[in-house]
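Engineer: Need coordinates for the below:
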Amino acid sequence: MTRPDTGLVLDRRRFLRLGTLGAGAVGLGVLGFGAAACSSGASGQQVAAADLDYILPTDPEVAAAEAARSTSGATAAFALAAGVGAVDLGGRIVNTWTYGGAAVAPELRLSKGDRVRVSVDNGLPQETTLHWHGIRIRNDMDGAAPVTQQAIGADGGRFEYDFVAPDPGTYWYHSHSGLQADRGLFGAMIIEDPDDRTGADADAVLVLDDWVDGLGTTPDAVLAALNPQISGHGPSGHGDASAPVTHSDDEMATAQRLVSQGHGDSSPLGGMTQHIAYPLHLINGRPPNDPSVVEAAAGQRLRLRVINAAAETPYRFAVAGHELTVVAVDGFDVSPATADTVIVGMAQRVDVLVTVRSGAWPIVAKVEGRDGYASTVLRSHDAIPMPDPDVAGRIPELDGRLVPESELRPVEAVMLDEREVDRDYRIELIQAGDRYVWGMAGPDAGHLVMRTGERVRITMVNSSAMWHPMHTHGHTFAVPAYGGLRRDTVNVLPGTELAIEFDADNPGEWMFHCHNAYHFEAGMTANLRYIR
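Structural biologist: I've put the predicted structure just below:
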């Protein structure tokens, strides 16, 4: 990682370690991962970091918070094996890393309040972890090495994740080690609500993804093409720095081509959309020429749980011949909103209802701002297969009524109670000149601390030329400007500022970062740290 004013290069592994230790002497507060020497609250009073009593993932407060969660009494047990394997992508055979040998990992389904036990065997040549995205999880099960756990060792390591899943909704899980999630190391996690009030007769999960691995290059080669200074030491922040990753000339040539095709442009996202022209886009691990068909009975109210698991691609989603009713985002119910199309940023989830019409209908997730799309088919039980499911991303609904997240509103049951803010922070989302180095700046960026029971506000000021899907681990937040909309990942547009508020009810140390995987690797990350 390059510090803009000195040219100092640090890999994220060392950077994360410094953040864990609270090492203020390095003076990297401009990129903000716990590196600042002081802490401040709403009053602006500065407190030396050495004087703060941090709550660590292994401390008793973490176990106590978990014990206080309401449980169903049931246990949902799963086993995942990460390994290297060949995957068929519509006739293209690629070598990649997967859970279970497919381009998307198995769907995990359970009920609200279940205890979850997931054993993970690591057959990869690198260390790995597993993050449970959006879950208000106990801190030592969050899967963010080296802060919350030691990484699962390469070539035979094992770890069992054990936690209560307190909230219903559409979630997902993915590797949180370097760019491993830009391979096939991700899947859906659905927590069913016994009191579901959406009126759905059935549901189907649609996992959207941008794919590059094995198509002439790798994610790590793409990162090297974007910025060689932050690549080459394994999965950044988690790998063995003594075993640098090398890339062939062909891999680098392909990577350079993919990052040299412009940046895309989208008015709803404020301009520039992405840096990488992905060669393939998938729904449920399948390309448009080999779709994973969704089947339902004509007349059914079908809930489509749309998960954007992409590393760098926003998608505009629509179903031909059908109106969408948005009923939830990031696991939280919203007042029903009708639309023809919605935009889903990286890591976001949107649940929509459609009343299934007789026939076969393309489902399309078009790359927002540039060419490219993923597609599959919604088919009623009384319909014959479509003769050509490849619709080239062209259905009229994509140009129809778009409901942006700023217009969605939460149902009353999921709104945060109104109260005064105890800590009020302000951070700036930045790019270091024209280089591919991203970060968080400002006096608060390196010391976002809080005590259990406090209400915390973070205002994000995006001074960069690109939008950022910002994500908090371990907490969901309200967006006051959006009527208190509840999310765990929100899109912050360029040239704007946006505040989030949350209750500090889950002690430990948590990541707060951009969910563009390449921005994250390039430095746009900070820590939320509880103190006594």
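
Engineer: give the contact list for H322.
Structural biologist: Applying C-beta atoms under 8 Å, 6 or more residues apart in numbering to H322 gives the contacts V354, T355, V356, R357, W361, L378, E397. Where C-beta positions appear, they are placed from N, C-alpha and C, glycine not excepted.

Engineer: One more: E66?
Structural biologist: Counting by C-beta under 8 Å, 6+ apart, E66 touches R138, F163, V164.

Engineer: center of this structure, which residue is that?
Structural biologist: A347 (3.1 Å; C-alpha atoms, centre = their mean).

Engineer: Just to be sure, that residue is in a strand?
Structural biologist: No: applying DSSP: H, G, I helix; E, B strand; the rest coil, one finds A347 to be coil, outside a strand.

Engineer: Now do the same contact list for it.
Structural biologist: H133, W172, N308, A309, P469, H471, D488, T489, H515.

Engineer: could you redo those residues as CSV and give each row neighbour count?
Structural biologist: Below are the contacts of A347 laid out as CSV (neighbours: other C-beta atoms under 10 Å):
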residue, neighbour count
H133, 26
W172, 27
N308, 26
A309, 27
P469, 22
H471, 24
D488, 28
T489, 24
H515, 25
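
Engineer: Out of the residues you listed, which comes closest to P291?
Structural biologist: Of all those, P291 sits closest to A309, with 17.0 Å by C-beta to C-beta.

Engineer: thought the closest one was touching V104?
Structural biologist: Yes: using C-beta atoms under 8 Å, A309 is in contact with V104, at 7.4 Å.

Engineer: Between the two, which contacts overlap?
Structural biologist: With C-beta under 8 Å, 6+ apart, A309 and V104 have common neighbours F186, V207, D209.

Engineer: Buried ones from the residues you listed, can you make that a PyMOL selection?
Structural biologist: Buried members of the shared contacts of A309 and V104, defined by 16 or more other C-beta atoms under 10 Å, are picked up in PyMOL with:
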select buried, resi 186+207+209
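
Engineer: So which of the shared contacts of A309 and V104 is the closest to G523?
Structural biologist: F186 (22.3 Å).

Engineer: measure the residue nearest to L493 when sequence neighbours are not counted to S406 for me?
Structural biologist: With C-beta to C-beta, 6 or more residues apart in numbering as the criterion, L493 has its nearest non-adjacent residue at 3.7 Å, and that residue is G270. Taking C-beta to C-beta, to the nearest Å as the measure, G270 and S406 are separated by 12 Å.

Engineer: Can I get the top strand by length along the chain in PDB, CA atoms only?
Structural biologist: Longest strand in the chain by number of residues (criterion: DSSP state E): strand 75-89. This file holds the C-alpha atoms of strand 75-89, laid out as PDB (Å, rounded to 0.1, in the frame of the first residue of the first chain):
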ATOM      1  CA  THR A  75     -29.000 -26.200  15.400                       C
ATOM      2  CA  ALA A  76     -28.200 -26.000  11.700                       C
ATOM      3  CA  ALA A  77     -25.000 -27.900  10.900                       C
ATOM      4  CA  PHE A  78     -23.100 -27.700   7.600                       C
ATOM      5  CA  ALA A  79     -19.700 -28.700   6.200                       C
ATOM      6  CA  LEU A  80     -17.700 -26.800   3.600                       C
ATOM      7  CA  ALA A  81     -14.500 -27.900   1.900                       C
ATOM      8  CA  ALA A  82     -12.500 -25.200   0.100                       C
ATOM      9  CA  GLY A  83     -10.400 -26.600  -2.700                       C
ATOM     10  CA  VAL A  84      -8.900 -26.300  -6.200                       C
ATOM     11  CA  GLY A  85     -11.100 -27.700  -9.000                       C
ATOM     12  CA  ALA A  86     -12.300 -27.500 -12.500                       C
ATOM     13  CA  VAL A  87     -15.600 -25.700 -13.200                       C
ATOM     14  CA  ASP A  88     -17.700 -25.800 -16.300                       C
ATOM     15  CA  LEU A  89     -18.900 -22.300 -17.300                       C
END
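
Engineer: List the neighbouring strands of that strand plus their orientation.
Structural biologist: strand 92-99 (antiparallel), strand 115-122 (parallel) (DSSP bridges).

Engineer: model confidence over the last one, on average?
Structural biologist: Yep, that's strand 115-122 we're talking about. For strand 115-122, mean pLDDT is 98.
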